[in-house]
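> With the sequence up front, the predicted model follows.
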Amino acid sequence: MRSFLSAVLVVLVALLVPLSAVAYWADRELGDADRYTAAMSPLAGNHDVQRVVVTQASRALAGQIDAGPFQGGVESLLGEALRSFTGTPAYRTAWDAANRAAHAAFLQALTTGEGDALTIDLAPIVEQVKGELVGDGVPLADRIPVSHLTVKVMEYDNLGALRRSFHMLQIAGIWLPVLTLVLAVAAVAVAARRRRALIAVGAGLAIGAGLLWLAVRICRGLTLDDLPPDVDRPAAAAVYDALTAFLRTTTWAVLALGLAVALAAWLTGRLRRTP
């Protein structure tokens, strides 16, 4: 009976590992402005994201400037200026500011039910570019409006289900990882043969890490397949990978921990049997 109960607890540990990681990620990573901004910050150097920013920003800004027969040249000039700007430290600073501002809208979409897309307001970037163009004496640069200009990087057709899931994960963000740890300890404590139970717990952690890796990969494909045709897929993939970097890191950390626990318990048994 004790062995059966221990086995059940090990199975629960394996199943709760991915749920615990996702719950903690939703509550502490996506729910925190500083960590969200830090996760999105590397995308400032991503070429696919830069291409979307340059294309959409230059097109939108050119449409707000009446340059008559020089309209095409204005859009080209803005595009070149934006492409040049994306390689500067000022762009990274503006990018971080834009993402910090976007975090509030992101949480609003996931908590209040308003909005169905993840967007980034490019106003900080536009303001920087305008200042550089005006400083260089570029004609018509002073007409560039510094208004809210959003770029859509991810959109969902069924955000309602995602909102409900996100809310549940935030609630479970603390107690679910603690419950997983308690069950792992209990699986060893109730076992008739604790060394074997410890090996099983290590294996359960490793299996749970594998389930987490599989879940991240499957959700990536489903998320990208669900995107509307007007959303740039490579850029959206980069955003997804940036937001889920914590989960991938957790996968390898839990896998290493599980294998280390199992190996240590197995070696301990071998050494005790050695005369």
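Great, that's in hand. Here the structure is a predicted model, which is why all the values come from computation and not from measurement.
> Tell me where the model's unsure across the stretch 1-150 of the chain.
60, 63-72, 74, 109, 111-120, 133, 136-150 (pLDDT under 70).
> Would you map the helices across it?
2-24, 33-40, 47-62, 71-85, 89-111, 123-135 (DSSP state H, counting those that start in this stretch).
> Of all the residues in the fifth one, which ones are buried?
I take that to be helix 89-111. 91, 94-103, 105-107, 109-110 (16 or more other C-beta atoms under 10 Å). (C-beta placed from N, C-alpha, C; glycine too.)
> go on, the last one?
Counting neighbours by 16+ other C-beta under 10 Å, one finds that the buried residues in helix 123-135 are 123, 124, 125, 126, 128, 129, 130, 133.
> now these as TSV including distance to residue 78?
Formatted as TSV, the buried residues of helix 123-135 follow (distance: C-beta to C-beta, whole Å):
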residue	distance to residue 78
123	15
124	16
125	12
126	10
128	13
129	8
130	10
133	8
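> out of the residues you listed, who's nearest residue 223?
residue 125 (25.4 Å; C-beta to C-beta).
> out of the buried residues of helix 123-135, which one sits closest to residue 176?
residue 124 (36.6 Å).
> My read is that that closest one contacts residue 94, right?
Yes: at 4.3 Å, residue 124 and residue 94 qualify as touching, with contact defined as C-beta atoms under 8 Å.
> contacting residues around residue 132?
81, 85 (C-beta atoms under 8 Å, 6 or more residues apart in numbering).
> now it: how far from residue 232?
25 Å (C-beta to C-beta, to the nearest Å).
> can you check residue 263 too?
For residue 263, the distance to residue 232 equals 44 Å [C-beta to C-beta].
> and what of residue 193?
Following C-beta to C-beta, the distance that separates residue 193 from residue 232 is 55 Å.
> These two: which is more packed in?
For residue 193 and residue 232, the more surrounded residue by other C-beta atoms under 10 Å is residue 232, and the numbers stand at 20 against 14.
> What are the phi and psi values at that one?
phi -70, psi 120 (degrees, to the nearest 10).
> Can you give me the pLDDT of it?
We have a pLDDT of 85 for residue 232.
> The one 10 residues further on too?
Model confidence at residue 242, given as pLDDT, is 93.
> do residue 253 as well
Looking at residue 253, the pLDDT reads 96.
> Please report the distance of it from residue 20.
For residue 253, the distance to residue 20 - C-beta to C-beta - is 13 Å.
> who's more crowded, these two?
residue 20 (26 against 12).
> Okay, the more buried one and residue 198: tell me how far apart.
Where residue 198 is concerned, residue 20 sits at a distance of 20 Å (C-beta to C-beta).
> With residue 163 instead?
For residue 163, the distance to residue 198 - C-beta to C-beta - is 40 Å.
> secondary structure element for residue 183?
helix 175-189 (DSSP states H and E).
> The next helix or strand after that helix packs against which elements?
Using DSSP H and E, the helix or strand that directly follows helix 175-189 along the chain is helix 194-225. Secondary-structure packing of helix 194-225 (3 or more C-beta pairs under 8 Å, 6 or more residues apart in numbering; DSSP states H and E): helix 2-24, helix 175-189, helix 233-243, helix 245-273.
> right, so of the ones you listed, which gets closest to residue 216?
Proximity to residue 216 (C-beta to C-beta) singles out helix 245-273 among those, at 5.2 Å.
> Identify each buried residue in that closest one, please.
246, 247, 250, 251, 254, 255, 258, 261, 262, 265.
> Relative to residue 108, how far out is the first one?
Taking C-beta to C-beta as the criterion, residue 246 is separated from residue 108 by 22 Å.
> same question, the fourth one
Noted for residue 251: a distance of 29 Å to residue 108, by C-beta to C-beta.
> likewise the second one?
Here the distance between residue 247 and residue 108 works out to 23 Å (C-beta to C-beta).
> what's the closest non-adjacent residue to the residue nearest the centre of the chain?
For the chain, residue 243 is the residue whose C-alpha lies nearest the centre (C-alpha atoms, centre = their mean; 0.9 Å). Of all residues not flanking residue 243 in the chain, residue 39 sits nearest, at 5.8 Å (C-beta to C-beta, 6 or more residues apart in numbering).
> swap in residue 125?
Nearest to residue 125 is residue 94, by C-beta to C-beta, 6+ apart, at 4.5 Å.
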